[in-house]
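Participant: Only the shape, not the letters, is given here:
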């Protein structure tokens, strides 16, 4: 499933063609994705102007000049294709070079300047909804979400409070969206490795200086991934169809059996299943 950097990459790709534009035509080619689309989905969006495009956790938020916000989640295989007067813009390299199957083109947005944005989702695990902007923070998808990991609210003091007395490992807690919003398995593994903190250590026993190092590692790995275009694992692609390249910079994720990349460490990366997910770590330098 796309993680925060991938969703942020998509947001960055869609923003130039959506922000400030009016949706002249909206087409829902099926009544549902993962969940049913709102009954007034097409009518409510047609003619609406997208004021700005934001991201909250792993959600894309199209703020409209009406009372609702269009909320979009990519699920496992959701992606957008942008097409203008000169055709679809799909530069870069691809894991799959084939043109997206039109059978999986489920929602189409066309702006008043003629740009067409098509949402493809072969597995239909993604979803879209219209949520009242004024009360969005009370919606079940957003109520209780923790701070954004790239915000000032995510700092060592926050983790000290969140981890106090907890016996679970820091990886398990960082994946809890109530503690920090938007982090996923890949980048948590990467950040813990950079901070040299074991995913299995009781979180409540990690010192504040080490938590400060972890916060810095989380912010650094996310910033680098966003700059590189996300990890784009398997069939995932950016909004313009191009693959991201951060996967080539992984230090620990999916590198079981390879030498640890941390300076001065002679360990070998190991894989262990933790809460049903693969955890990659160095048993030598991560303590």
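Facilitator: Arrived safely. Everything quoted here is computed from the prediction, not taken from an experiment.

Participant: Can you list the residue ranges for strands in the stretch 51-200 of the chain?
Facilitator: 59-64, 68-73, 79-84, 87-88, 105-111, 116-120, 127-132 (DSSP state E, counting those that start in this stretch).

Participant: Quickly, which of those strands bottoms out on average pLDDT?
Facilitator: The weakest mean pLDDT among these belongs to strand 87-88, with a mean of 54.

Participant: isn't residue 18 right up against residue 60?
Facilitator: No. Residue 18 lies out of contact with residue 60 (Cβ atoms under 8 Å); the separation is 9.8 Å. Yep, even glycine has a C-beta here, placed from its N, CA and C like the rest.

Participant: can you list the domain ranges for the chain.
Facilitator: Using automatic domain parsing, the domain ranges for the chain come out as 4-138, 156-281.

Participant: and the end-to-end length of the first one?
Facilitator: Going back to what we said before, that points to domain 4-138. Distance across domain 4-138, first residue to last, is 22 Å (Cα to Cα, to the nearest Å).

Participant: Please apply the same query to the shortest one.
Facilitator: Chord length of domain 156-281, first to last residue, is 22 Å (Cα to Cα).

Participant: Give me the residue ranges of the stretch 51-200 of the chain where confidence is low.
Facilitator: 84-100 (pLDDT under 70).

Participant: which residues do residue 18 and residue 60 both contact?
Facilitator: Contact criterion Cβ atoms under 8 Å, 6 or more residues apart in numbering; residues bridging residue 18 and residue 60 by contacting each: residue 53.

Participant: re earlier: dump the domains of the chain into TSV; add mean neighbour count and distance to residue 147 as well.
Facilitator: Below are the domains of the chain laid out as TSV (neighbours: other Cβ atoms under 10 Å; distance: least, Cβ to Cβ, whole Å):
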stretch	mean neighbour count	distance to residue 147
domain 4-138	17	10
domain 156-281	18	6
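
Participant: re earlier: residue 153: which of the strands of the stretch 51-200 of the chain is closest?
Facilitator: Nearest of those to residue 153, taken as Cβ to Cβ: strand 59-64 at 17.6 Å.

Participant: now the nearest residue to residue 256 once chain neighbours are set aside, which residues is it bridged with?
Facilitator: Nearest non-adjacent residue to residue 256, counting by Cβ to Cβ, 6 or more residues apart in numbering: residue 271, 3.9 Å away. Residues in a beta bridge with residue 271, per DSSP bridges, are residue 280.

Participant: Out of the strands of the stretch 51-200 of the chain, the one nearest residue 156 is which?
Facilitator: Here strand 59-64 is closest among those (Cβ to Cβ), at 26.4 Å.
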